[in-house]
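[1] Give me coordinates for this.
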Amino acid sequence: MDAISSRALRIWAEADDARAIHPEDHAAVRATEATRALFVELARDGSTAPRDLFTACATLGRLLFEAGASPTLASTTIDGAARALAAIERPLDEGTLASARASVAEGYATAIVSSERARARQAWDWPACAVPLDGETCAIAAGHPAESDDAITAWAARVASKASKAGFRRVVVSGDGAPRAELESALRLVGVDVLPELRAAARSWLPWRRKKPAK
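    This is a model prediction of the structure:
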């Protein structure tokens, strides 16, 4: 990177630091320096396809979220970029700047959605999906929301393996469709018995459900 681009990056970083509302914003400015440098280089190159510039902006938005940046910083960072480019006499037109802002926002929002989906999937993973019933028995909720067969199969294998390693030898599976079928199959493959959801009280392995002998 030459001195001109370095100057632009410094001006951009100073502008973003001035808008920072918490320490994570300052850290995010440092963490995204490489992507900012790419944006500056693309903006300086008049022959660059706009798509490449906006892809860099979307990446910047995603990285800002992952670094813990506030929505305020994400929504205003292109203002700092515009100031920096103007300072080195490579200003962008308003149409390009508007699209750049939108691309950063899209990258940031997409990262939020992906993060929330990942958090939702974790609720179906081990050990969140399991409830111990006794030392060797647990109940597992098989309701993984993944639409991909491969994802469901991988989840089932992962949960079955962890249930076995945790010392469970019997599992009650609750759920429907592919998640249940895949989990039951995976449990049997690792040597874990799959028990029916409901068992006759007289035969229950749960002490409190066993039928008391008649007096």
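[2] CA only for contacts and neighbour counts going forward, please
    OK.
[3] tell me what the lengthiest helix in the chain is packed against?
    When the chain is parsed with DSSP state H, its longest helix is helix 94-122. In this structure, helix 94-122 packs against helix 50-66, helix 71-87, with contacts taken as 3 or more Cα pairs under 8 Å, 6 or more residues apart in numbering; DSSP states H and E.
[4] Just give me the residue right at the centre of the protein.
    Ranked by distance to the mean C-alpha position of the chain (Cα atoms, centre = their mean), the top residue is Ser115 at 3.1 Å.
[5] ok, back up a step: out of the helices and strands packed on helix 94-122, which comes closest to Ala142?
    Distances from Ala142 to each of those were compared using Cα to Cα; the shortest belongs to helix 50-66, at 29.9 Å.
[6] Which parts of the closest one count as buried, going by neighbours?
    Buried residues in helix 50-66, counted by 16 or more other Cα atoms under 10 Å: 53-66.
[7] Quote the end-to-end distance of stretch 162-175.
    From its first residue to its last, stretch 162-175 covers 19 Å (Cα to Cα, to the nearest Å).
[8] Sorry, wrong one. I was asking about stretch 44-55.
    When the termini of stretch 44-55 are compared using Cα to Cα, they are 16 Å apart.
[9] how about the helices and strands packed on helix 94-122, which one is nearest Ile11?
    helix 71-87 (5.3 Å).
[10] Quick one: list the elements packing against that closest one.
    With contacts defined as 3+ Cα pairs under 8 Å, 6+ apart, the packing partners of helix 71-87 are helix 3-19, helix 33-44, helix 94-122.
[11] now these as JSON lines including distance to Pro71 and mean pLDDT?
    As requested, the helices and strands packed on helix 71-87 are arranged in JSON lines below (distance: least, Cα to Cα, whole Å; pLDDT from 0 to 100):
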{"stretch": "helix 3-19", "distance to Pro71": "11", "mean pLDDT": "96"}
{"stretch": "helix 33-44", "distance to Pro71": "17", "mean pLDDT": "95"}
{"stretch": "helix 94-122", "distance to Pro71": "8", "mean pLDDT": "92"}
